[in-house]
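Enquirer: coordinates for the following, if possible.
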Amino acid sequence: RAFKQASKQARNFCKMGSSGSSGYSQKYVDDLRKKNEAAERRFLQQMHDLTVQAQTSKAQHDQTILTLQSQQREASLENKMKLELLKQQQEATKAQSERALAVLQRQQDEAKAQSARALESMEEMCRDTKEQLRTQTQQNEELKKQMSELRKKFEAPLRERKKIVTKINDMELVIRVRSGIILMGSKGVGKSTFLHLIREGLGKPSNSSSDGTKKFQYGEKFIDSIGADISISSILKLIVLCIFNGFPSDLILFAANPRIENMMAIMHRFGLARPMLVMFANIRVVYDEVYKKICPMVRDMEEGVARFQGPGKEMLYDEKMYERVKEANLAFPTYHDTVDETLADRKRLEVPNPFKQAIDALGGENKALVFSTDPPDFKEHNAHLREAVLAFISIYMDNYMGRADGDLKFMNEANLSMIDKIRQN
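Expert: Take a look at the predicted model:
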């Protein structure tokens, strides 16, 4: 604006000069021209400054735009990465959900299969239980039949009763109970090996192909008996040998037959109720693994009892049968390293000597064994047992007593059919 005003004034002066006006001096005109030039220079400088400022503003604007674009790109990239990450998380969550559903489905399938197996197992157990009941009923009937036939056999009068009874009574046998726990079971069932496990072995155990223990062997605490199956005649023969050698204070039954109930029923008939029980899972393992490998180590141990590490004891004993016997309260299952605890439990529960009923039937402890020359009244309690013992004592005295290995041969050879030879048909 100043430049325009000065220019306007200059033009006016020029016009005035040309028109002949001489109202202004030349100096004034020069000054005015100088002012005009100065104003022009200021204008040009201002224009230059404005141009520079505009360029600077444009550069700042461009820089700002570039910065915003960069930020926008970065924001877009970050959002894209976030979206990608979110997408991955969603896919991972989906995959995890699918896996969880698959696991849940498998678990449901397994649960269904397990339920089906459990149901099938229960049905099988029911079938087995029914079969066991049927078999047990048959066995009980057979046992009743055997006992009935046995009673008839023993009720037949002795041919030379007076002679037999006099001979036995003249021996003045006394029913005695000696301290010791007798081991009863068939040969090769592991009785001697069991004693070696507790360092009570009285001789080298032999396998089941040999006769094993040939006579009663008395240790400090245990009595190793001659091997015999759990049968009516075997129990009667064992009672006879106990009459001559002394009745033990307790009994450990060694069983290899899974039908333990039938064995216990036979023993109960003769008063041998609720003995201790040892039942090995595998007789071959007992002999090969225990005697050959463990017993040599036991003999070098200070404790005196084999202590197994890991599954050793579980490998030897029939744990399932132990549980079954405990539930039925048929016997007191024990292990080689828990005999003392089992004896303490029996004492605490006041369990009587398993031979007590047989001892009482024969007259009582420390009483003389006396038989009557007159035929007994078989309606009396234990009359059949006394007659059976009388018959087997007669067989033992006439055929085996005093002979080499007489006790072993008596246990192996004597049977119920031999009774018919000394009784009238």
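
Enquirer: for the stretch 151-300 of the chain, which segments count as helices?
Expert: 161-169, 191-197, 232-245, 260-269, 283-285, 295-298 (DSSP state H, counting those that start in this stretch).

Enquirer: ranking the ones you listed by burial, who's on top?
Expert: helix 191-197 (a mean of 25; mean count of other CB atoms under 10 Å). Backbone N, C-alpha and C define where each C-beta goes, glycine included.

Enquirer: in CSV, list the C-alpha atoms belonging to that one.
Expert: Extracted C-alpha coordinates of helix 191-197, given in CSV (Å, rounded to 0.1, in the frame of the first residue of the first chain):
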residue,chain,number,x,y,z
LYS,A,191,5.7,-124.7,53.2
SER,A,192,9.5,-125.3,53.5
THR,A,193,10.2,-122.3,51.3
PHE,A,194,8.0,-120.2,53.4
LEU,A,195,10.0,-121.2,56.5
HIS,A,196,13.2,-120.3,54.7
LEU,A,197,11.9,-116.8,54.0
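
Enquirer: I'd like the numbering to begin with 12 instead of 1 from here.
Expert: In the new count, where the first residue is 12, that last one comes out as helix 202-208.

Enquirer: distance from the chain centre to that helix, please.
Expert: Mean-position distance between helix 202-208 and its chain equals 25 Å (CA atoms, centre = their mean, to the nearest Å).

Enquirer: quick one: average pLDDT of that helix?
Expert: Helix 202-208 carries an average pLDDT of 77.

Enquirer: tell me what it is packed against?
Expert: When contacts are defined as 3 or more CB pairs under 8 Å, 6 or more residues apart in numbering; DSSP states H and E, helix 202-208 packs onto strand 192-195, strand 233-235, helix 306-309.

Enquirer: for the stretch 212-361 of the chain, give me the ranges with low pLDDT.
Expert: Within the stretch 212-361 of the chain, the segments meeting pLDDT under 70 span 212-223, 268-273, 281-282, 293-326.

Enquirer: which parts of it are strands?
Expert: Using DSSP state E, counting those that start in this stretch, the strands of the stretch 212-361 of the chain run over residues 228-229, 233-235, 261-265, 287-289, 343-344.

Enquirer: with mean neighbour count and distance to Phe205 as added columns, please give these in JSON lines.
Expert: Formatted as JSON lines, these follow (neighbours: other CB atoms under 10 Å; distance: least, CB to CB, whole Å):
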{"stretch": "strand 228-229", "mean neighbour count": "18", "distance to Phe205": "13"}
{"stretch": "strand 233-235", "mean neighbour count": "25", "distance to Phe205": "9"}
{"stretch": "strand 261-265", "mean neighbour count": "24", "distance to Phe205": "7"}
{"stretch": "strand 287-289", "mean neighbour count": "24", "distance to Phe205": "6"}
{"stretch": "strand 343-344", "mean neighbour count": "20", "distance to Phe205": "13"}
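
Enquirer: show me the one of those that comes nearest Pro387.
Expert: For Pro387, the closest of those is strand 261-265, at 27.1 Å, according to CB to CB.

Enquirer: the closest one pairs with which strands?
Expert: Strand pairing for strand 261-265, determined by DSSP bridges: strand 192-195 (parallel), strand 287-289 (parallel).

Enquirer: which one of these lies closest to Gln368?
Expert: Nearest to Gln368, of all the strands paired with strand 261-265, is strand 192-195, at 15.6 Å by CB to CB.

Enquirer: once you drop chain neighbours, what's closest to Leu341?
Expert: Leaving aside its chain neighbours, Leu341 sits nearest to Met275 (4.7 Å; criterion: CB to CB, 6 or more residues apart in numbering).

Enquirer: pretty sure the one you found contacts Phe343?
Expert: No. Counting by CB atoms under 8 Å, Met275 does not reach Phe343; the two are 11.9 Å apart.

Enquirer: pLDDT of stretch 76-85, averaged?
Expert: 89.

Enquirer: starting at the chain centroid, how far to it?
Expert: Mean-position distance between stretch 76-85 and its chain equals 71 Å (CA atoms, centre = their mean).

Enquirer: over to stretch 428-436?
Expert: 53 Å.

Enquirer: so what touches that stretch?
Expert: Residues outside stretch 428-436 that contact it (CB atoms under 8 Å, 6 or more residues apart in numbering): Lys164, Phe165, Ala167, Pro168, Leu169, Arg170, Glu171, Ile175, Ala402, Phe403, Ser405, Ile406.

Enquirer: can I get these in JSON lines including pLDDT?
Expert: Putting these into JSON lines (pLDDT from 0 to 100) gives the following:
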{"residue": "Lys164", "pLDDT": "70"}
{"residue": "Phe165", "pLDDT": "68"}
{"residue": "Ala167", "pLDDT": "74"}
{"residue": "Pro168", "pLDDT": "77"}
{"residue": "Leu169", "pLDDT": "77"}
{"residue": "Arg170", "pLDDT": "79"}
{"residue": "Glu171", "pLDDT": "84"}
{"residue": "Ile175", "pLDDT": "90"}
{"residue": "Ala402", "pLDDT": "89"}
{"residue": "Phe403", "pLDDT": "92"}
{"residue": "Ser405", "pLDDT": "92"}
{"residue": "Ile406", "pLDDT": "91"}
